[in-house]
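>>> here's my sequence, what's the structure:
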Amino acid sequence: MNVGCRRWLVIAVFNLTGATLSGERDQLPAVLNLVVGNQSKEAAAMLAAGAVADARERELARAIVAMAAPPLSEQRVTELGKALEVLADGRDDLAAEAHYLRARLFQLHQSEPDWDRASAWYRMLAERQPENHWAQLGLVKLGLILLHAPGPDDATARISAAAALPPRIREAELRRDLHLQIAWAGLAWERPRAEVLRHLLAADEIGGLIGISGEDLVMQIAELSLREGQTAQARRYFERFLREFRTSPRNFNVRQRLAELELLEQGVRTP
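I've put the predicted structure just below:
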């Protein structure tokens, strides 16, 4: 099966972005399209009927189908973990994918998440196949664990640990997503505005956000810049908001902010 096609399928199963499938002779795309359509039982039936000839791909597909329909029994989690560990023993894309899914089992599918073992597997994959998509995606998931997993309430240490990961992520959209997660965590923890702005600006430089996500990003940068006293930057982003989001109900507030900026630039104090 085409590697890129399989890659999209699993991304879609695990709630990430992807594209439409077409033109594959193998039945694996059809099997996993059923999973994407919340038809895991039908997908499992196709696998049982011999829809996928290659043994490794078939075993990986079984794991994907099972993981797409939680909850899983402890016994099933153990079985899937063993199967994925066997599949992960290699250096090809399928092995990397299996390695990533093994970490996800530790993180999401056990009755008690094993954050340490999930982190260890993500780190191991990033060291073994650093340029592989699944290793890159694993670094994003590792960042989320560093930011949010139970542990010492040390925002500085958590932000610092997560902030070390984006330079290792070559895929721009994944790097952007981690910058956003770090920024949002920083906002929740009331970290210094300059620190939060660095990550928001890094995400904006990469671009690609659409709809409400893109709108939120531009507004957050504008507001934080204004509060940080970076009036020129605040003006650029408020004016950009009006250009790019002309139908947004926030436009009235943005125009008020621009009026406040005008007064500030004239040396007039605002309430």
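>>> where's residue 50, which helix or strand?
Using DSSP states H and E, residue 50 maps to neither a helix nor a strand.
>>> what about it, how many neighbours?
Neighbour count of residue 50, defined by other CB atoms under 10 Å: 9. In short, each C-beta sits where N, CA and C put it, glycine included.
>>> got the phi/psi numbers for it?
phi 90, psi 30 (degrees, to the nearest 10).
>>> how near is it to residue 140?
35 Å (CB to CB, to the nearest Å).
>>> pLDDT weak spots in the chain?
For the chain, the stretches flagged by pLDDT under 70 are 1-26, 268-271.
>>> could you pull out the helices in it for me?
For the chain, the helices defined by DSSP state H cover 3-13, 28-36, 40-48, 55-67, 74-87, 93-104, 115-128, 133-148, 155-163, 172-188, 193-206, 211-227, 231-244, 251-265.
>>> just the buried positions in the second one, please.
Spelled out, it's helix 28-36. Within helix 28-36, the residues scored as buried using 16 or more other CB atoms under 10 Å are 28-29, 31-36.
>>> what's the answer for stretch 95-112, then?
95-107, 109-110.
>>> now what about that stretch, what contacts it?
Here stretch 95-112 makes contact (CB atoms under 8 Å, 6 or more residues apart in numbering) with 6-7, 10, 14, 60, 63-64, 67, 70-72, 74, 77, 80-81, 84-85, 87-89, 113-115, 117-118, 121-122, 124-125, 128-129, 132-135, 137-138, 141, 145.
>>> quick one: it to chain centroid distance?
Distance of stretch 95-112 from its chain centroid, counting by CA atoms, centre = their mean, to the nearest Å, is 15 Å.
>>> now stretch 168-182
Averaging C-alpha positions (CA atoms, centre = their mean) puts stretch 168-182 8 Å from its chain's average.
>>> cool, stretch 247-254 as well?
Distance of stretch 247-254 from the chain centroid (CA atoms, centre = their mean) equals 28 Å.
>>> which positions in it come out as buried?
Within stretch 247-254, the residues that count as buried by 16+ other CB under 10 Å are 248, 254.
>>> gap between the two ends of it?
This stretch, stretch 247-254, spans 12 Å end to end (CA to CA, to the nearest Å).
>>> output stretch 194-214 in PDB with nothing but the alpha carbons.
Output in PDB follows, covering the C-alpha atoms of stretch 194-214 (Å, rounded to 0.1, in the frame of the first residue of the first chain):
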ATOM      1  CA  ALA A 194       6.700  38.400  26.000                       C
ATOM      2  CA  GLU A 195       7.200  34.700  26.500                       C
ATOM      3  CA  VAL A 196       3.700  33.900  25.200                       C
ATOM      4  CA  LEU A 197       4.100  36.300  22.300                       C
ATOM      5  CA  ARG A 198       7.300  34.500  21.100                       C
ATOM      6  CA  HIS A 199       5.400  31.300  20.600                       C
ATOM      7  CA  LEU A 200       2.300  33.000  19.100                       C
ATOM      8  CA  LEU A 201       4.500  34.900  16.600                       C
ATOM      9  CA  ALA A 202       6.400  31.700  15.700                       C
ATOM     10  CA  ALA A 203       3.100  30.000  15.000                       C
ATOM     11  CA  ASP A 204       1.900  32.900  12.900                       C
ATOM     12  CA  GLU A 205       5.100  33.000  10.900                       C
ATOM     13  CA  ILE A 206       4.400  29.400   9.800                       C
ATOM     14  CA  GLY A 207       0.800  30.200   9.000                       C
ATOM     15  CA  GLY A 208      -1.800  27.900   7.600                       C
ATOM     16  CA  LEU A 209      -4.500  28.300  10.200                       C
ATOM     17  CA  ILE A 210      -8.000  29.000   8.800                       C
ATOM     18  CA  GLY A 211     -11.300  29.900  10.300                       C
ATOM     19  CA  ILE A 212     -11.700  30.700  13.900                       C
ATOM     20  CA  SER A 213      -8.300  29.400  14.800                       C
ATOM     21  CA  GLY A 214      -6.600  31.900  12.500                       C
END
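>>> buried sites along it?
196-204, 206, 209, 214.
>>> from those, which two are the most distant?
Across the buried residues of stretch 194-214, the longest distance by CB to CB is 18.8 Å; it joins 198 and 214.
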